[in-house]
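**Q** here is the input, now give the coordinates:
(chains A and B)
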There are 2 protein chains.
Amino acid sequence: MNDTKDNELIHKAELAHEASQVIAAKSTEEKNSALNQIADSLRAHAAEIIAANQQDMLRAQQKGMTDSLLDRLMLNKERIFAMANALEHLANLADPIGDELENWDRPNGLTIKKIRVPIGVIGMVYEARPNVTVDAAGLCLKTGNAVYLRGSASALDTNKAIVAVIRAALNTLEFPADSVQLLEDTSHETAGQFFRLNGLIDVLIPRGSSRLIQTVIKQASIPVLETGAGNCHVFIDETAKPEMAISIVLNAKTQRPSVCNTIETVIIHQKWFDQFGSALLDALQKEHVSCRIDPIIAGQFPDLKVATEEDWATEYLDKIIAVKIVSDLDEAIRHINKYGTKHSESIVTENAEHVATFFKFVDASTLYHNASTRFTDGEEFGFGAEIGISTQKLHARGPMGLNALTSIKYLIEGNGQIRH
Amino acid sequence: MNDTKDNELIHKAELAHEASQVIAAKSTEEKNSALNQIADSLRAHAAEIIAANQQDMLRAQQKGMTDSLLDRLMLNKERIFAMANALEHLANLADPIGDELENWDRPNGLTIKKIRVPIGVIGMVYEARPNVTVDAAGLCLKTGNAVYLRGSASALDTNKAIVAVIRAALNTLEFPADSVQLLEDTSHETAGQFFRLNGLIDVLIPRGSSRLIQTVIKQASIPVLETGAGNCHVFIDETAKPEMAISIVLNAKTQRPSVCNTIETVIIHQKWFDQFGSALLDALQKEHVSCRIDPIIAGQFPDLKVATEEDWATEYLDKIIAVKIVSDLDEAIRHINKYGTKHSESIVTENAEHVATFFKFVDASTLYHNASTRFTDGEEFGFGAEIGISTQKLHARGPMGLNALTSIKYLIEGNGQIRH
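**A** Residues are numbered from 1 along each chain as shown, chains lettered A, B, ... in the order given. Have a look, this model is predicted:
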C-alpha cells in the first residue's frame, strides 16, 4: 500500500465522520431539499453519467463480462431518471430522526426520553449495479447519516460521475458535500482496511452476492448488517386447501426465482401428497420448474430427479424446487430449522393449532400462514423504502426500512440529582 | 490444536444451538422455575463451589496474582448467596419474550405482527469474576437464550463447579441442561475460534477490561455487543448554579471512580470559572482528587499539574480529573465530540437553549441536563437488570436491560395471498 492510497482511505473516512456530525442535526426539510436537488441534478447531468458509464461498459466488454452483468452495469437515460424518481419518493417519506420512542420518570425526579438519532457513517459495500450508489446515498442522507461508498472496480467511472453530481448538488445547498464519499481505490487490500475502520465508520452494509457478504463478515471488525441468503420453504400441511397451496407454491417459486424470498423446497405432508401431490408436480412442471423429489416418492415418479442431502441446503435462485415429504408438522419444523436460513417460512393449513406451533418453533425473521413468502420485502411491509432484508438477529431482522439506519439516544432532565 | 479441543469447542456450540431451539419456546413460568431452582442449588452446594474456588485461589496466589484480582476471584458463602438472590430477583422481573411490539394490516388483507423472540445462543466472554458465570446464565435463561460461557483460565475450577450445579439443577426440571455450556479449553487459540463460530453462536458479549473487549471486536466474525469505555464529561456553562455544579462534578468523579459512567474531564465556561473555579478546585482537592488543569489557567494555579493533549483522551478510572476551560458552548461540544467515547455527557446550565443545542449536537448514548453522569446504569434507568452499557450504535445503545438479549420475528396471517 502506498501513502496516497492510505491517505484516500483514511482522509475520506475522517471527512465523512466530521460531516456526519453536521448532517445529524439537519432538519427534515433540509434533508428532503437535498434529495430533491440531487434528483434534479442527476436528470440534468444524465449525459455525463452515461458517457462515464460507457467507459466502464467498454472495459467490461473487453474483459469479456457476461451479458447479464453488463446489463446490471449499464445506465441509460431511463435508468438514471428512475434513480432520480426514487430519490423524490424517498423525500416524501416520513423522517424517523428525532422520533420520541419512549419517555418515563424516575422516583428521584429524573425524566428520561429515548429518541431516534442517525447512526453516523454507513459503509456501503456493493458490486456492479451503479443504482446502489444513488440509492445508498439517498437512504443515508434521508436518515441524517454520512455514507462512505465502496463500489466495484468495474463501475468506478460511473460511480465517480454519479458521486460528483451528488456532491455538486449538495454544494449548492448548505449541506456538507463530504457526507457522501466514494473510495476510488478498489483494491482488495484497501477493502480489507475499509472493513476495519472502527471509530470512523459505524456500520457496514454489504449488498450483493453471498460471497461478498461473507467476505465482509469474515474480515470486518466494524459491525455488519447482514443481508442476503434465503433458503425458504412452504410447508403444505395435511389440511391445506389444494388450490390455495398450489397457488402459493407456484407464486413463491416462480414469480421471481432469483430473489432471496423465493422458496427452494416445498415440504408436503404425506397425506396431502397422496391426494394432491401429482397435481402440484404437474403445475410446477407446466411452469418449467424442475423438481428434485424426496427419495421416498421416487418410485412413483421415475422421470423426476431424486433430491440429495445437498438439495435440502441449496438456494437454487432458479426454476428448480426440492420436494420433501414429511409425516407430521414436527418433522417439517425440524427440516426447516436444520436447513433454512431463518429468512421466510410459510405454512399452508386449516389447523389453527398447527399455525401456533409453526409460529412458535420455526426460527426465521418472517413466518406466514396461508400466504406466499414473496411478501418479505420493505415495500410489501409498507416501509416505503428498503435497505435490504436482514438475516441476522441483532439490530434489525427481516425487511429493513429507514428505521434500520437509526440508533437511539437518551435525553435526561434533572434539577441537580446526584447518585447516592 | 488437537482433536479433543476442537471437539469440545464445536460440540458444545452445537449442543447449545440445539438447546436454544427448545428453550426459546419455554413459558415464563418454566424459565422462572429454572432460575429459582438454580438459586436453591447454588445455596445447597455452596461448600463444593467454595472448595473448587480454593483451588483457583491457590494457583492464583502461587502465580503471584495481585490482591485486587484475588479479591475478584474469591468466593465465599456470602457471595454465593448474593448470586442466588440475584437470580431470584431476575425471576421476579417481567419476561420480554412474546411481547407484541407492533401490528398492522396491509391493503391486500395480510396482517403483520412483530413480536419479541430470544436471540439464540449468546457467547459470553469474560475475565476472572466468577459471579459473571451465574449472572450471564441467569440473564440468558430468563430471555430464552442458550449461553456459551468462555471465562478465564484462572477461574476455571470455580466456573466448572458453578456450571455443574446449574446444569444439575436444570436436569431436575424439564429444562435442557445443554442451554448452559462452559468452554473448558481456555487457550487463546481456541478463544479465537470461539469468536468465529457464526451459525452456532449468534452474538458475543465481552465483559471485562477494555483490552478484552477490543480483542473480541478485532478477532470476531460473530456480531459483538460492545460495552465499556467511558471518557465522560460534565460541562459547567456560564449560567450554572455554583452549588449544583460543584455537587454534580464531585458526585460524577468521586462516588465510584473506577466505573465507566464516572467523568474524566470537567469542562468549564471561562466566565463561570473566573467566579467559582477556585471553589470547585478546592472541593475536588478536599476529596483527594488530583487536578490536571488547562494550560490557560496554569499561571493562576502554579501548584497544579498541567493537562496535556493525552489527558483529554484518558479514562483515568481513578481520583484524577482533567479541567478544560472553554469560551462557549460550541467549544465544549467540539471537545466532547473529539475526545469523548459517546457514553454519558452532562451540561449544568440555567439556559434552556443551551440544553437543546447540547442535546442535539453531542453524540453520546446518554445526555444529562443538571444531573450526574453516574445515572447511566440499568438499575438507575429502572430496567431491573443490566447486561452492560453499550457503547456502540447498533442493536442497543446505553444501559442494556433484558430487551437487549432479544430479537424480533414477524408473524403474518393471510388467506391465500400471492404477490403480483
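**Q** make it CA atoms for all contacts and neighbour counts henceforth
**A** Noted.
**Q** how about residue A:307, what does it touch?
**A** Contacts for residue A:307 (C-alpha atoms under 8 Å, 6 or more residues apart in numbering or on different chains) come out as A:292, A:293, A:294, A:295, A:322, A:323.
**Q** tell me the pLDDT of residue A:259.
**A** Model confidence at residue A:259, given as pLDDT, is 87.
**Q** give the contact list for the residue lying closest to it once chain neighbours are set aside.
**A** Excluding its sequence neighbours, the residue lying closest to residue A:259 (C-alpha to C-alpha, 6 or more residues apart in numbering or on different chains) is residue A:317, at 6.4 Å. Listed by C-alpha under 8 Å, 6+ apart, the contact set of residue A:317 reads A:257, A:258, A:259, A:260, A:262, A:264.
**Q** secondary structure class for residue A:317?
**A** Secondary structure of residue A:317, reduced to three states by DSSP: H, G, I helix; E, B strand; the rest coil: coil.
**Q** pull the longest strand from chain A.
**A** In chain A, taking DSSP state E as the definition, the longest strand is strand A:406-417.
**Q** what is it packed up against?
**A** strand A:111-118, helix B:242-254, strand B:366-371 (3 or more C-alpha pairs under 8 Å, 6 or more residues apart in numbering or on different chains; DSSP states H and E).
**Q** which residues in the stretch 1-150 of chain A form helices?
**A** Ranges of helices within the stretch 1-150 of chain A are A:3-23, A:28-44, A:46-62, A:67-73, A:77-91, A:131-142, based on DSSP state H, counting those that start in this stretch.
**Q** and those: which comes nearest residue B:313?
**A** helix A:3-23 (17.8 Å; C-alpha to C-alpha).
**Q** which residues are in contact with the closest one?
**A** So helix A:3-23 is contacted by A:120-121, A:141, A:144-148, A:175-183, A:185, A:190, A:194, A:200-201, B:361, B:363 (C-alpha under 8 Å, 6+ apart).
**Q** who are the contact partners of the closest residue to chain B within chain A?
**A** Closest to chain B within chain A is residue A:395: 3.5 Å, counting by C-alpha to the nearest C-alpha. Neighbouring residues of residue A:395 by C-alpha under 8 Å, 6+ apart: A:404, B:394, B:395, B:396, B:407.
**Q** which of the residues you listed fall within strands?
**A** Counting by DSSP E, the contacts of residue A:395 contribute residue B:407 to strands.
**Q** quick one: which of the contacts of residue A:395 is nearest to residue A:105?
**A** For the contacts of residue A:395, the nearest to residue A:105 is residue B:396 (20.6 Å; C-alpha to C-alpha).
**Q** can you pull the contacts of the closest one?
**A** So residue B:396 contacts A:395, A:407, B:225, B:390, B:404 (C-alpha under 8 Å, 6+ apart).
**Q** the fourth one contacts residue B:397, doesn't it?
**A** To tie it back to what came earlier, the one meant is residue B:390. Yes. The pair residue B:390 / residue B:397 is scored as a contact, 4.8 Å apart, by C-alpha atoms under 8 Å.
**Q** for residue A:49, which residues are in contact?
**A** By C-alpha under 8 Å, 6+ apart, the neighbours of residue A:49 are A:158, A:161, A:162.
**Q** show me the contacts for the first one.
**A** Counting by C-alpha under 8 Å, 6+ apart, residue A:158 touches A:49, A:50, A:52, A:53, A:56, A:130.
**Q** quick one: the lowest-mean-pLDDT helix or strand in chain A to chain centroid distance?
**A** The weakest-scoring helix or strand in chain A, judged by mean pLDDT, DSSP states H and E, is helix A:3-23 (a mean of 88). Relative to its parent chain, helix A:3-23 has a centroid offset of 26 Å by C-alpha atoms, centre = their mean, to the nearest Å.
**Q** distance of residue A:62 from residue A:128?
**A** Distance, residue A:62 to residue A:128, using C-alpha to C-alpha, to the nearest Å: 16 Å.
**Q** and for residue A:265?
**A** The value you get for residue A:265 to residue A:128, if C-alpha to C-alpha is used, is 30 Å.
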